[in-house]
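Peer 1: Next input, structure requested:
(chains A and B)
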Amino acid sequence: MSGSLLGIEPLDRSEIEAILERSRDFQPTGNQAFKRQELLRGRMVVNLFFEASTRTRTSFEIAAKRLGADAISITASGSSVSKGESLVDTLNTLAAMRPDAIIMRHASSGAPHFLARHLPTPIVNAGDGTHEHPTQALLDARTILDRRKTLEGLRVAIIGDISHSRVARSNMYLLSKFGAEVVLCGPAPLLPREFASLAPSVTLTYNLREAIRDVDVIMMLRVQLERQHEAAFPASEYFQFYGLRLEHVGLAKPDVIVMHPGPINRGREISSEVADSQRSVILNQVENGVAVRMAVLERVLLN
Amino acid sequence: MPKLVIRNGRVIDPASGLDQICDVFCVNGYVAQIGEKLYATGAEEYDASGLIVAPGFIDMHVHLREPGFEHAETIESGSRAAAAGGFTSICCMPNTAPINDNATVTSYIVERAERAAAVNVFPIGAITKNSAGEELAAIGSMIQAGAVAISDDGRPVMNARVMRRAMEFAHAFGIPVINHCEDLHLSAGGDMHEGVESVRFGLHGIPAASEDVMVARDLLLAELTGARYHVAHISARRSVEMVAFAKNRGLPVTSEATPHHFALAASHMPPYDSNYKMKPPLRTDCDVAAITQGLISGAIDAIATDHAPHAGSDKMQEFEKCPFGVIGLETALGLTLERLVHTGKIPLQRMIELFTTGPTRVVNLRGRGRLQSGGPADVTIFDTDRSWTYDVNRSLSKSRNSPFDGHSFRGGPVATVVSGKIVWRVQ
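Peer 2: Numbering: from 1, shown residues only, chains lettered A, B, ... in the order given. Below is the predicted model of the structure:
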């Protein structure tokens, strides 16, 4: 499991810096089309997605192919998982085919950690339940660093369903490790007090205006109604109290960056005006996703 | 007539206050005499020099999985694990398949135990039919068939009115009602204690309040009905406080705690290790301290393992899919010595109470829980200093789901005597 990337929490700053630095080499420049490289020629990467995801899966697939690796994608609905095979059996079967890495998305928190304990193949966590989504945090950091010299001292608001968000956890750990101030904001039932003790420089607020006052970065989260066991907040009031609208953006720093991991729900957590505004870097995030995942695959496969 | 004499052990019997080095002479399944240098011709001799000789230990909360889940445990394998843990009597919970909610299943367990069990097995019947929490089970006939208490363990009785009726009915028959306290609305979807760790791991939490609210409700119902009421596997500090409060007011309520709840907290769980997943969940250091305090003060009457075997494949899954429960029969005594006795929190006498007279204050096990002439010759012989390491792969249980695999202990069982016969001795 030494080569695995399971989360941001266990990484130290230098490992994160190395990935972020390397990812710059893989960013497209100007209008030049990206040239396929041969760094990972002959390597085989399996994308195993137990949960629907178009962008993350495609992003990993493109990243692997751009580095010359062979990538195959398996989704749960089209595989033996839908025939009742257990997770261990599925992974043992795949591992027996000796891929060089398994990229895994799963709806259960800890599923990749469980497998990393039992399989020799390195595993890259592409999102596990409500736990972590490390490559999302890395690409978000890359996107911020494309516009700011450093993460240190930045004030970043993360807004939405914090409790069920793997994006929030990974970003919070990463930003905190680099000395940014993190403000978490959402409806109280979706913002457990315990978050404040998970990492240094993390504060909580239930008030959107307070959260974004003087921030450098606003990270909106998708409201994941599908992850709700029950109605933990009055859904009809969500946009009114926690939806990001143009009128809010003025409270932040003038050069604030608005981010969203996608896919966005226009009119639910973010208004169209904000999503499409000059301040929004949502499409840059997608672009950086490929570059960062190339750096991650290189690290995992060549270490 | 089979005879056994246990020589020169330190005999401690909390019920009579006995604590001296002497012999215990067992004849035909009963204790014939306790005293110094007993004359015992034709008896098998057991040298217990340097060892503690105590009344047979009782675990009032065990899951034997038979009938229905024999791949995880059987009455035979579970009872052998009990013997290896120093237990001479165990009470088995009714969540088998079928559920022990009628006299036929109760009789089946009693008969299987007579043929296959290494130790005494006392069934606990269900409170409600199919443990569904709605209609009372055939409580009276289960008692006639040998049930010593009722419980829907594994599930709580959510409906307060049903609980009230169960208490009234059981009270008239002189048996206690044992509840697994968990408000299912508050715990819904939860996989571990709600706290820093659940938030960190992104797992749904089970708040301590889910236990506390039901303990509070049940204590009020116990007062209303006058019934004998017992809290199973108490884990939360407010629950311990409330039980202590009820006891101070003279209510006939009791409680038990498991070794894992006084030995471990949620913060000790390696990431997503399903051998640390059980209900109630491991809680906080504050709760561990409160359980320990309850065992010292008497708010908690008994140590019970909640031995819950699960087949390996059931625990080899995504954490949230894994069933709740850990095995505990073989590690209970070692953990209790380590955490409570060697640390000076309780004296040896109190520990023995928690395994003997404590449980028999809750359930009537026909003269067990004490060592006296004429009583059943159930004896636990243990060592307070022997070093040993738990290897779960050598467990006598059919299951391997223990968080204590590889743990080194100081002190543990040496020999187990049931009805005057040595049913287990240390290798």
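Peer 1: hmm, who's touching stretch B:62-81?
Peer 2: Defining contact as C-beta atoms under 8 Å, 6 or more residues apart in numbering or on different chains, one finds that stretch B:62-81 is touched by B:82, B:90-93, B:95-98, B:105, B:108-109, B:112-113, B:116-119, B:121, B:154, B:304-311, B:314, B:325, B:327, B:329-330, B:395-399, B:424. Yep, even glycine has a C-beta here, placed from its N, CA and C like the rest.
Peer 1: do that again at 6 Å, thanks
Peer 2: By C-beta atoms under 6 Å, 6 or more residues apart in numbering or on different chains, the residues outside stretch B:62-81 that reach it are B:90, B:92-93, B:96-97, B:112-113, B:116-119, B:307-311, B:329-330, B:396-399.
Peer 1: Kindly report the same for stretch B:148-161.
Peer 2: With C-beta under 6 Å, 6+ apart as the test, stretch B:148-161 has contacts from B:93, B:95, B:122, B:124-128, B:131, B:133, B:139, B:163, B:170, B:175-178, B:180-182, B:184, B:214, B:217, B:232, B:363.
Peer 1: where does residue A:36 fall, phi/psi-wise?
Peer 2: Here the main-chain torsion angles of residue A:36 (degrees, to the nearest 10) amount to phi -60, psi 130.
Peer 1: Next, the contact list for it, please.
Peer 2: Residues near residue A:36 by C-beta under 6 Å, 6+ apart: residue A:66.
Peer 1: what's the distance between it and residue A:23?
Peer 2: For residue A:36, the distance to residue A:23 (C-beta to C-beta, to the nearest Å) stands at 17 Å.
Peer 1: ok, now residue B:36?
Peer 2: Residue B:36 sits 81 Å away from residue A:23, going by C-beta to C-beta.
Peer 1: and those two? which has more neighbours close in?
Peer 2: Ranked by neighbour count (other C-beta atoms under 10 Å in any protein chain shown), residue B:36 and residue A:23 place residue A:23 first, with 25 against 9.
Peer 1: hang on, that one in a strand?
Peer 2: No: looking at residue A:23 with DSSP: H, G, I helix; E, B strand; the rest coil, it is helix, so not inside a strand.
Peer 1: I figured it hits residue A:293, correct?
Peer 2: No: applying C-beta atoms under 6 Å, one finds residue A:23 not in contact with residue A:293, separated by 8.5 Å.
Peer 1: For chain A, see how far away residue B:68 is.
Peer 2: Relative to chain A, residue B:68 is positioned 21 Å away (C-beta to the nearest C-beta, to the nearest Å).
Peer 1: How many residues are close by that residue?
Peer 2: Neighbours of residue B:68 under the rule other C-beta under 10 Å: 13.
Peer 1: Make sure it is indeed in a strand.
Peer 2: No: the assignment for residue B:68, made by three-state DSSP, is coil rather than a strand.
Peer 1: what does the model give it for pLDDT?
Peer 2: With respect to pLDDT, residue B:68 has a value of 98.
Peer 1: Based on its surroundings, how many neighbours for residue A:120?
Peer 2: Quick note: residue A:120 (other C-beta under 10 Å) scores 9 neighbours.
Peer 1: actually residue A:247, sorry about that
Peer 2: If you count neighbours by other C-beta under 10 Å, residue A:247 ends up with 11.
Peer 1: just residue A:145 next, same as before
Peer 2: Residue A:145: 17 surrounding residues under other C-beta under 10 Å.
Peer 1: Can you classify the nearest residue to it once chain neighbours are set aside by secondary structure?
Peer 2: Leaving aside its chain neighbours, residue A:145 sits nearest to residue A:20 (6.5 Å; criterion: C-beta to C-beta, 6 or more residues apart in numbering or on different chains). For residue A:20, the secondary structure call by three-state DSSP comes out as helix.
Peer 1: do you know how far residue A:20 is from residue A:152?
Peer 2: Taking C-beta to C-beta, one finds residue A:20 at 13 Å from residue A:152.
Peer 1: How about residue A:67?
Peer 2: Going from residue A:67 to residue A:152 by C-beta to C-beta gives 31 Å.
Peer 1: quick one, which of the two is more surrounded?
Peer 2: Counted by other C-beta under 10 Å, residue A:67 and residue A:152 do not tie: residue A:67 has more neighbours, with 24 against 11.
Peer 1: Now that one: closest residue in space that isn't a chain neighbour?
Peer 2: Nearest residue to residue A:67 in three dimensions, chain neighbours excluded: residue A:40, at 4.1 Å (C-beta to C-beta, 6+ apart).
Peer 1: Now the phi/psi pair for that neighbour, please.
Peer 2: For residue A:40, the backbone dihedrals (degrees, to the nearest 10) come out as phi -110, psi 30.
Peer 1: pLDDT at it, what is it?
Peer 2: Confidence score, pLDDT, at residue A:40: 92.
Peer 1: gap between it and residue A:299?
Peer 2: On the measure of C-beta to C-beta, residue A:40 and residue A:299 end up 11 Å apart.
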